[in-house]
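[1] What follows is a predicted structure for the sequence shown.
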Amino acid sequence: MAETRISSATEPVVVFDLDDTLFDEVDFILSGIKAVKVLFETIEGLDVEECCLAMREAVRRHKNHYSALEHCLDRAGVREQVDMSRIVTALRSHCPVGLELRPGVRQILDRLYRRGVTLGILTDGRSVTQRHKIAALGIEHYFDSAAIRISGETGIDKSNSEAYRWFSEHYPGRKYVYVGDNPAKDFVWPNRMGWLTICISDYGRNIHSQQGIWPGELCALMTVYDFWEVEESIYKNDTNTEE
């Protein structure tokens, strides 16, 4: 549990992505596959273990696990009997078991919290899905409730500058930092707004690849390979106050 602290207006506002930043999103998917196993067991003629194995293997190879499921249903000749929307809903809305923060995350959240740093989460996704992840990780107490910004609740995703501007409007005159993992959408707006952007390097488990050639403004200003580097990166940069 985070310790009591006094929030300081001289400290930065540090906003985190959730999936593949604070934890490995693949673990949520694997937890979901376990959760829907009971649904598979009601489908006569389906090899449940083979189906779960195919989905897990698809996830491991960064392939679409829904496609793997449909392939298994086709092979068993039962696809027409299955309500795919029910399975998808169960996968997305289950309460995950076994989620763990990435190494160093809790310690860094503790350290920043004790310093009086304002901490936020900015994540795209459905409300129930993202809320279940946050609850399973046990990190709600680090954040003001209003500073947990989920696109499924706000109606504003990270393709919109307003998703980021909310923080500068609610915590004005501060330094702003965004910590994420996905160059396709995480960094373009905070870069344009003068924030410090930090990318957590993929170590092979990310859902969205960081590979490829990304235009400059899509790339974070800094890339770190260990979460312990985040605090050091924040405090050795002092030019990220939004104008």
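    Arrived safely, thanks for sending.
[2] for the protein, what spans make up the strands?
    Using DSSP state E, the strands of the chain run over 13-16, 118-123, 148-150, 176-180, 196-200, 222-224.
[3] how about these in JSON lines, adding distance to Thr129 and mean neighbour count?
    C-beta coordinates here come from the backbone N, C-alpha and C atoms, glycine included. Formatted as JSON lines, the strands of the chain follow (distance: least, CB to CB, whole Å; neighbours: other CB atoms under 10 Å):
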{"stretch": "strand 13-16", "distance to Thr129": "17", "mean neighbour count": "25"}
{"stretch": "strand 118-123", "distance to Thr129": "10", "mean neighbour count": "22"}
{"stretch": "strand 148-150", "distance to Thr129": "9", "mean neighbour count": "21"}
{"stretch": "strand 176-180", "distance to Thr129": "18", "mean neighbour count": "26"}
{"stretch": "strand 196-200", "distance to Thr129": "21", "mean neighbour count": "25"}
{"stretch": "strand 222-224", "distance to Thr129": "27", "mean neighbour count": "16"}
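[4] what's the distance between the closest residue to Glu153 other than its chain neighbours and Gly155?
    Closest residue to Glu153 apart from its sequence neighbours, by CB to CB, 6 or more residues apart in numbering: Ser127 at 4.8 Å. According to CB to CB, to the nearest Å, Ser127 stands 11 Å off from Gly155.
[5] neighbour count winner among the two?
    Here Ser127 and Gly155 are compared on neighbour count by other CB atoms under 10 Å; more neighbours surround Ser127, at 13 against 9.
[6] burial of the closest residue to Ala146 other than its chain neighbours, as a residue count?
    Nearest residue to Ala146 in three dimensions, chain neighbours excluded: His170, at 7.2 Å (CB to CB, 6+ apart). Using other CB under 10 Å, His170 has 14 neighbouring residues.
[7] mind listing the helices for the protein?
    Taking DSSP state H to define them, one finds helices in the chain at 25-35, 37-40, 48-60, 65-76, 84-93, 105-115, 127-137, 151-154, 161-170, 188-192, 229-235.
[8] Now do the helix or strand bottoming out on mean pLDDT in the chain: everything it contacts.
    Lowest by mean pLDDT, DSSP states H and E among the helices and strands of the chain is helix 37-40, with a mean of 92. For helix 37-40, contacts defined as CB atoms under 8 Å, 6 or more residues apart in numbering pick out Leu46, Val48, Cys51, Cys52, Arg86, Ile87, Ala90.
[9] Out of those residues, which end up buried?
    Taking 16 or more other CB atoms under 10 Å as the criterion, what is buried in the contacts of helix 37-40 is Leu46, Cys51, Cys52, Ile87.
[10] between those residues, which is nearest Asp24?
    Proximity of the buried ones among the contacts of helix 37-40 to Asp24 was ranked by CB to CB; the top entry is Cys52 with 18.8 Å.
[11] ok, the closest one to His132 distance?
    Remark: distance between Cys52 and His132 (CB to CB) = 20 Å.
[12] Please apply the same query to Ala184.
    Ala184 sits 24 Å away from His132, taking CB to CB as the criterion.
[13] who's more crowded, the two?
    Neighbours per residue, other CB under 10 Å: of Ala184 and His132, the larger number sits with His132, 19 against 14.
[14] Many thanks, have a good one.
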